[in-house]
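Asks: quick check, what structure comes out for this input:
(chains A and B)
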There are 2 protein chains.
Amino acid sequence: MNAPESLLNQARNGDRRALGRAITLIESTRRDHREQARRLLEAALPESGKAIRLGITGTPGVGKSTFIETFGLHLLEAGRRVAVVAVDPSSKRGGGSILGDKTRMPELSRSLDAFIRPSPTAGTLGGVARRTRETMLLLESVGYDVVIVETVGVGQSETAVAEMVDMFLLLLSPAGGDELQGIKKGVVELADLFLINKADGDLEKAAQRAAAEYRHALGLLKPSYKDWQPKVQLCSALTGAGISKVWETVTAFHESLAPSGALKDRRAAQAQAWFWQTLEEGLLQTLKDDPAVKAALPALEGAVRDGTTTPTLAAEDLLARFLRRS
Amino acid sequence: MNAPESLLNQARNGDRRALGRAITLIESTRRDHREQARRLLEAALPESGKAIRLGITGTPGVGKSTFIETFGLHLLEAGRRVAVVAVDPSSKRGGGSILGDKTRMPELSRSLDAFIRPSPTAGTLGGVARRTRETMLLLESVGYDVVIVETVGVGQSETAVAEMVDMFLLLLSPAGGDELQGIKKGVVELADLFLINKADGDLEKAAQRAAAEYRHALGLLKPSYKDWQPKVQLCSALTGAGISKVWETVTAFHESLAPSGALKDRRAAQAQAWFWQTLEEGLLQTLKDDPAVKAALPALEGAVRDGTTTPTLAAEDLLARFLRRS
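Replies: Numbering: from 1, shown residues only, chains lettered A, B, ... in the order given. A predicted model of the protein is given here:
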């Protein structure tokens, strides 16, 4: 049996080291690894697509790790197998990325029914997102039925994550409306569920006030799905209050979108968008690597910024240079 | 003297028919016209960039035409020369486009210091936006010092307009918060000024309530510029109430952003983004026109949507076919 298919079978039989090696193949940029990863994914695809895909983001200090730990343990109790992956284009393996640190979720990472994988090491957001998406497909195919994709909110990572999951959760503190100002443009509109964490002890009243504020603000914005109005809920990762309600909402979300085919359509549209995005990135990279383009680009781009040429004229010029060469 | 440069001079000397013909050159897709347009734009560029560029959108029935008419006449009284252009990828010349109808702004269109140009005829949003941008540069170079770019809100046209103007105005009715639900995702966040029109007679109280609601909702969202907090104002295009205040806000906006260089930086960034976008569109079109790509694309895209291949594998496959050919 060939190596990638054999790795996949070992991973399906519960061999966590084989699963880790399979993901490493997916994350590698080496040409021979890419070929092995291609075979691995082709073998994995028929069994993928069965998990619930959840994206999670949150403002710093809101307790994202503790939430994922508590929520993940709840899912294990409910008989689910949970995988946690991350999109963090700034992470460097060994460089002390918080996402690389499994001690963030000590109990969850010890369970045999949970698998935690840090973000692929630093690269473009597109590259990191590609590897995370493919890792997600692999994890689904070996039997994880809830995949949580976490983002640290660097660059456009929330959008990248929203484009690969079914449902997007935004974790907030009980600080109230002012907090939304600290969240990047567009992120609020990605969220299908707003969770106000730390709703315990002295902060419970503040969390309730914040929830009322968010509900009012959300009522003024257009919802993301036709069949789903974003919800605001309270929870406490510390006491566990509201955690089972989060899972109820996630399943209610799936039950309201799956039968109509809305979920399937969304996944098909996500895959198609990802295809075109990959194609465009590949094309653009080919153009940027072209010697004639490299020679002309700096002056042209400067002239565009200065307004001494129009963007259209400059683009036509550069494209002609590229096509003449290739 | 050559034709395009001569047309430009005639337009600068107030010949409106020459100006119309120059814009027709810019809008044409004929190869010989494109070459003449290139020369025209190169001659126009040194004198462009001096206008205040305003984008305007609004929900249907909010009175956009009446607003532009009243606002435009106010600008003429203030000694300004006003041009109104539009982005409407659905418009068809002669097909009864509302934007093609100058009777929408009867007084403004009769003034010699105003120039109204309907949207370029139907095409891709990218194509329509390109022609509108270039027309805007031309209008600036012949002395119009306020350019209003209107959008009917089809497709992604608001984003396209926001990416070519300095300031974006969102016209609303006094209906209140529920109205924001009818506005497309992301548009609210583009607006630098929210104008509640029809704040007259019986509707004035409702307009004031709506303004308070919007101000609250906006307080929860992150502003678009560092130096500018979006504002909510009332006006009545019918009675003229609040119209001079709109112009005061527009000039205040310019005065708060121009000295710091923020406006110049924004325009440079817009031009640069437009350049890359044009380049990517041109590249993608070249790929799509390739016979090998045309033959393989339908099956690959279907497999991506069905999940029988991954987007990355399909994109790599298609890109290899394209590069092998060219």
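Asks: quick one: buried residues of stretch A:119-133?
Replies: Buried residues in stretch A:119-133, defined by neighbour count with 16 or more other CB atoms under 10 Å in any protein chain shown: A:119-121, A:123, A:125-133. Quick note: C-beta positions are derived from backbone N, CA and C, even for glycine.
Asks: could you work out the most separated pair of the residues you listed?
Replies: Farthest apart among the buried residues of stretch A:119-133 by CB to CB are A:Thr121 and A:Arg133. That separation is 16.1 Å.
Asks: who's in contact with the closest residue to A:Arg12 other than its chain neighbours?
Replies: With CB to CB, 6 or more residues apart in numbering or on different chains as the criterion, A:Arg12 has its nearest non-adjacent residue at 5.0 Å, and that residue is A:Val142. By CB atoms under 8 Å, 6 or more residues apart in numbering or on different chains, the residues touching A:Val142 are A:8, A:11-12, A:19, A:44, A:47.
Asks: in the stretch 51-200 of chain A, which spans are strands?
Replies: Using DSSP state E, counting those that start in this stretch, the strands of the stretch 51-200 of chain A run over residues A:52-58, A:82-87, A:114-116, A:146-151, A:167-172, A:193-196.
Asks: the second one near chain B at all?
Replies: No. On the criterion CB under 8 Å from any CB of the partner chain, strand A:82-87 is out of touch with chain B, staying 15.4 Å away.
Asks: just the residues contacting that strand, thanks.
Replies: Counting by CB under 8 Å, 6+ apart, A:51, A:68, A:72, A:75-76, A:99, A:105, A:108, A:113-119, A:125, A:128-129, A:132, A:135-136, A:139, A:144, A:146-152, A:157, A:160-161 sit against strand A:82-87.
Asks: right, and A:Leu234 touches A:Ala211 too?
Replies: Yes. Using CB atoms under 8 Å, A:Leu234 is in contact with A:Ala211, at 5.9 Å.
Asks: overlap in contacts, those two.
Replies: Common neighbours of A:Leu234 and A:Ala211 (CB under 8 Å, 6+ apart) are A:Ile196.
Asks: let me know whether stretch A:48-62 sits next to chain B.
Replies: Yes. Using CB under 8 Å from any CB, stretch A:48-62 reaches chain B at A:48-49.
Asks: what residues sit buried inside that stretch?
Replies: Neighbour-count burial for stretch A:48-62 [16+ other CB under 10 Å]: A:48, A:51-59, A:62.
Asks: ends of it, how far apart?
Replies: 32 Å (CA to CA, to the nearest Å).
Asks: closest one of the buried residues of stretch A:119-133 to chain B?
Replies: Closest approach to chain B among these (CB to the nearest CB): A:Arg130, at 5.6 Å.
Asks: just give the closest residue to that closest one, not the sequence neighbours.
Replies: B:Thr312 (5.6 Å).
Asks: my read is that that neighbour contacts A:Glu134, right?
Replies: Yes. The pair B:Thr312 and A:Glu134 qualifies as a contact (CB under 8 Å) at a distance of 6.7 Å.
Asks: how is chain A carved up into domains?
Replies: With automatic domain parsing as the criterion, the domains of chain A are listed as A:1-47, A:48-259, A:274-325.
Asks: comparing those, which yields the minimum mean pLDDT?
Replies: Mean pLDDT is lowest for domain A:48-259 out of those, coming in at a mean of 86.
Asks: can you give me the end-to-end span of that one?
Replies: End-to-end for domain A:48-259, by CA to CA: 19 Å.
Asks: for the residue nearest to A:Leu41 when sequence neighbours are not counted, give me its contacts.
Replies: Nearest non-adjacent residue to A:Leu41, counting by CB to CB, 6+ apart: B:Thr310, 5.5 Å away. Residues in contact with B:Thr310, defined by CB under 8 Å, 6+ apart, are A:41, A:45, A:133-134, A:137, A:271, B:304.
Asks: now render the strands of the stretch 51-200 of chain A as CSV, adding distance to A:Arg324.
Replies: As requested, these are exported to CSV (distance: least, CB to CB, whole Å):
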stretch, distance to A:Arg324
strand A:52-58, 44
strand A:82-87, 38
strand A:114-116, 50
strand A:146-151, 42
strand A:167-172, 45
strand A:193-196, 52
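Asks: looking at these, which is nearest to B:Ala3?
Replies: strand A:82-87 (54.3 Å).
Asks: what's the offset of the closest one from the middle of its chain?
Replies: A distance of 8 Å separates the centroid of the chain from that of strand A:82-87, by CA atoms, centre = their mean, to the nearest Å.
Asks: show me which residues of the stretch 1-150 of chain A sit near chain B.
Replies: A:38, A:41-42, A:45, A:48-49, A:130, A:133-134, A:137.
Asks: go with 6 Å
Replies: Residues of the stretch 1-150 of chain A lying close to chain B (CB under 6 Å from any CB of the partner chain) are A:38, A:41, A:49, A:130.
Asks: which of the residues you listed fall within helices?
Replies: Per DSSP state H, helices hold the following members of the residues of the stretch 1-150 of chain A next to chain B: A:38, A:41, A:130.
Asks: can I get whatever helix or strand the residue nearest to A:Arg130 lives in in PDB, CA atoms only?
Replies: According to DSSP states H and E, B:Thr312 maps onto helix B:311-325. The C-alpha trace of helix B:311-325 is given here as PDB (Å, rounded to 0.1, in the frame of the first residue of the first chain):
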ATOM      1  CA  PRO B 311     -10.800  23.600  -4.700                       C
ATOM      2  CA  THR B 312      -7.000  23.600  -4.400                       C
ATOM      3  CA  LEU B 313      -6.600  20.400  -6.500                       C
ATOM      4  CA  ALA B 314      -9.000  21.700  -9.200                       C
ATOM      5  CA  ALA B 315      -7.300  25.100  -9.300                       C
ATOM      6  CA  GLU B 316      -3.800  23.600  -9.600                       C
ATOM      7  CA  ASP B 317      -5.100  21.400 -12.500                       C
ATOM      8  CA  LEU B 318      -6.700  24.300 -14.400                       C
ATOM      9  CA  LEU B 319      -3.700  26.600 -13.900                       C
ATOM     10  CA  ALA B 320      -1.300  23.900 -15.200                       C
ATOM     11  CA  ARG B 321      -3.500  23.500 -18.400                       C
ATOM     12  CA  PHE B 322      -3.400  27.200 -18.900                       C
ATOM     13  CA  LEU B 323       0.300  27.700 -18.400                       C
ATOM     14  CA  ARG B 324       1.100  24.700 -20.600                       C
ATOM     15  CA  ARG B 325      -0.700  26.400 -23.500                       C
END
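Asks: other SSEs contacting it?
Replies: helix A:262-288, helix B:291-306 (3 or more CB pairs under 6 Å, 6 or more residues apart in numbering or on different chains; DSSP states H and E).
Asks: save these as TSV, and put in distance to A:Leu323 and mean neighbour count too.
Replies: Converted to TSV, these look like this (distance: least, CB to CB, whole Å; neighbours: other CB atoms under 10 Å in any protein chain shown):
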stretch	distance to A:Leu323	mean neighbour count
helix A:262-288	10	18
helix B:291-306	15	15
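Asks: tabulate those helices in JSON lines, adding columns for distance to A:Val85.
Replies: Formatted as JSON lines, those follow (distance: least, CB to CB, whole Å):
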{"stretch": "helix A:262-288", "distance to A:Val85": "16"}
{"stretch": "helix B:291-306", "distance to A:Val85": "21"}
